[in-house]
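Student: Predicted model follows, preceded by the sequence.
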Amino acid sequence: MDFTCQDALPLVPSYLDGELTEVRAGLLRKHLLDCSACRTNAQDGKALARWFPRPERLEFAPPTGFSARVARRAFAGDAGVHIEVASESAPEGGRLLQFVLTLTAAAAAIMLISAIALRDQRLPNAGSLRASNSPASVEQVVRKLEELNRLEGAPGAVTPGNQAAPGSVKAPPAPARKP
Amino acid sequence: MGAILKMQPAPREDVSLVEETLAGHQLSFQLLVERYQDRMFGLVRHYTRNPVEIEDIVQDTFLKAYTRLQSFQQQSSFYTWLCRIAINTALDFHKRHGRNPVQAVEDPELATAADRVGRGGPSVPAPDARMERAEIQLITQKVLEELPEIFRTVLVLREFEDMAYQDMADVLGISIGTVESRLFRARARFKDKLLQMHPEFGGN
């Protein structure tokens, strides 16, 4: 059986790599002798292989005592974590960043707890919000104050249009009116 | 016959050294390291050019190999098994340092038999005979660095490590058919990139 170009071309790389069985390699060789197109293809493959020259000598050689050192470390229980250790310890900034992040997280937690505690102190609880125990209305308070003013004859009597804001600083007593 | 054959002790098989190592003989493991350290340095140099990093990666490869020695099934050669660890260690190293190697944008296994009938990329003549070997190596190295990792690895294993397809399949955990198609595509990409970086090497 003779190879056609369709049969031969896909086999050229494997042939050049020495991966074909002797039978198939023989058939391909025969085809290459007869077919210049496939022969050119094979020559291209050979030309490409010359771009991968083996180095004449080792470019990066192991240092003296490398094998003894590695064996010693292996038997000492070093499980090949050298690179992990290096990557963790290499960037000094990495450790600083971790410290800053921890500090920030702690500060945030403290702020959150404080905020919750303050909120609980400031807000009335459910019991203090019962309608039956609610303090007198604003009008009642104003009326009470007016009554007190009248009794004292104070000139700066509070009127509904002149109510002091709750929690405002008490105004100093006004000078007595001239009769 | 007058020739005196100099008797040399046969080198101990890898398997024997592995067994002795597992039995607690440190010197046997040291012999294994010594046997393969040059090839490991040669392999890892395709993943980094920094001598300190190369040494770290190779050392880590052997240390990992030692801890996993029990799992060495002896179905593949010790060297093939070691290559697999070395390549994974080198790629892990790049990931940890945020240096993700170039990834293939297309499916590397898409090279069908129909593709292979084609020429597999442009025609690239062999390097000029006047070019120094070191010069060719430098150009090739630069081109390889530009290739997606998946293509670079098959080219390195085949062209520099001279690995058989079956061994490559063992190292990469893929089928021989996948090795063939990936290699075919890798060579085409190499030629494309070579001509892109060095148009002066283009054929007529």
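Tutor: Okay, I see it. On a predicted model such as this, the values are computed, not experimentally measured, just so you know.

Student: switch to C-alpha atoms for all contacts and neighbour counts from now on
Tutor: Noted.

Student: Please tell me the pLDDT value assigned to the residue nearest the centre of chain B.
Tutor: Nearest to the mean C-alpha position of chain B, by Cα atoms, centre = their mean, lies residue B:157 at 3.3 Å. Note on residue B:157: pLDDT of 96.

Student: Mind listing what's buried along the helix or strand where residue B:92 lies?
Tutor: Using DSSP states H and E, residue B:92 sits within helix B:78-96. For helix B:78-96, the neighbour count (16 or more other Cα atoms under 10 Å in any protein chain shown) marks B:78-87, B:89-93 as buried.

Student: filter these by proximity to chain A?
Tutor: residue B:93 (Cα under 8 Å from any Cα of the partner chain).

Student: Output the helix holding residue B:92 as CSV - backbone C-alpha positions only.
Tutor: Extracted as CSV, the C-alpha positions of helix B:78-96 are listed here (Å, rounded to 0.1, in the frame of the first residue of the first chain):
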residue,chain,number,x,y,z
PHE,B,78,11.9,8.6,38.0
TYR,B,79,13.1,11.4,35.7
THR,B,80,9.6,11.8,34.1
TRP,B,81,8.0,11.8,37.5
LEU,B,82,10.5,14.5,38.6
CYS,B,83,9.8,16.6,35.5
ARG,B,84,6.2,16.7,36.4
ILE,B,85,6.9,18.0,39.9
ALA,B,86,9.5,20.5,38.6
ILE,B,87,7.1,22.0,36.0
ASN,B,88,4.2,22.3,38.5
THR,B,89,6.6,23.8,41.0
ALA,B,90,7.8,26.4,38.5
LEU,B,91,4.3,27.3,37.5
ASP,B,92,3.2,27.5,41.2
PHE,B,93,6.2,29.8,41.8
HIS,B,94,5.1,32.2,39.1
LYS,B,95,1.5,32.2,40.4
ARG,B,96,2.6,33.0,43.9
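
Student: For chain A, list the residues in contact with chain B, please.
Tutor: Proximity of chain A to chain B, by Cα under 8 Å from any Cα, involves residues A:6, A:9-10, A:13-14, A:19, A:41, A:44, A:46-55, A:58-62, A:67-68, A:70-75, A:78-83, A:87.

Student: Just the ones in helices from these, please.
Tutor: Among the residues of chain A next to chain B, the members falling in helices (DSSP state H) are A:6, A:13-14, A:41, A:44, A:46-49, A:67-68, A:70-75, A:82-83, A:87.

Student: thinking again about what came up before, which one of the buried residues of helix B:78-96 sits closest to residue B:123?
Tutor: Within those, the smallest distance to residue B:123 is 30.2 Å, found for residue B:87 (Cα to Cα).

Student: Contact partners for the closest one?
Tutor: For residue B:87, the contact set (Cα atoms under 8 Å, 6 or more residues apart in numbering or on different chains) comprises residue B:44.

Student: same thing with residue B:197?
Tutor: Residue B:197 neighbours (Cα under 8 Å, 6+ apart): residue B:143.

Student: Check the residues of chain A next to chain B for burial and list the buried ones.
Tutor: Neighbour counting by 16+ other Cα under 10 Å classes A:9-10, A:13-14, A:19, A:41, A:44, A:46-52, A:60-62, A:67-68, A:70-75, A:78-80, A:83 among those as buried.

Student: Lowest mean pLDDT among the helices and strands of chain B, which one is it?
Tutor: When the helices and strands of chain B are compared on mean pLDDT, DSSP states H and E, helix B:113-117 comes out lowest with a mean of 51.

Student: burial count for residue B:129?
Tutor: Around residue B:129 there are 7 other residues, counting by other Cα atoms under 10 Å in any protein chain shown.

Student: ok, it to residue B:201 distance?
Tutor: Between residue B:129 and residue B:201 the computed distance is 13 Å (Cα to Cα, to the nearest Å).

Student: go on, residue B:57?
Tutor: Plainly put, residue B:57 is 35 Å away from residue B:201 if you go by Cα to Cα.

Student: Where in chain A is the helix or strand with the lowest mean pLDDT?
Tutor: Every helix and strand of chain A was ranked by mean pLDDT, DSSP H and E. The lowest is helix A:82-89, at a mean of 40.

Student: Leaving out sequence neighbours, find the closest residue to residue A:33.
Tutor: Using Cα to Cα, 6 or more residues apart in numbering or on different chains and skipping residues adjacent in sequence, the residue nearest residue A:33 is residue A:39, 7.3 Å away.

Student: and the one you found, what element?
Tutor: Assessed by DSSP H and E, residue A:39 sits inside helix A:36-49.

Student: try residue B:65
Tutor: Element membership of residue B:65, judged by DSSP H and E, is helix B:51-67.
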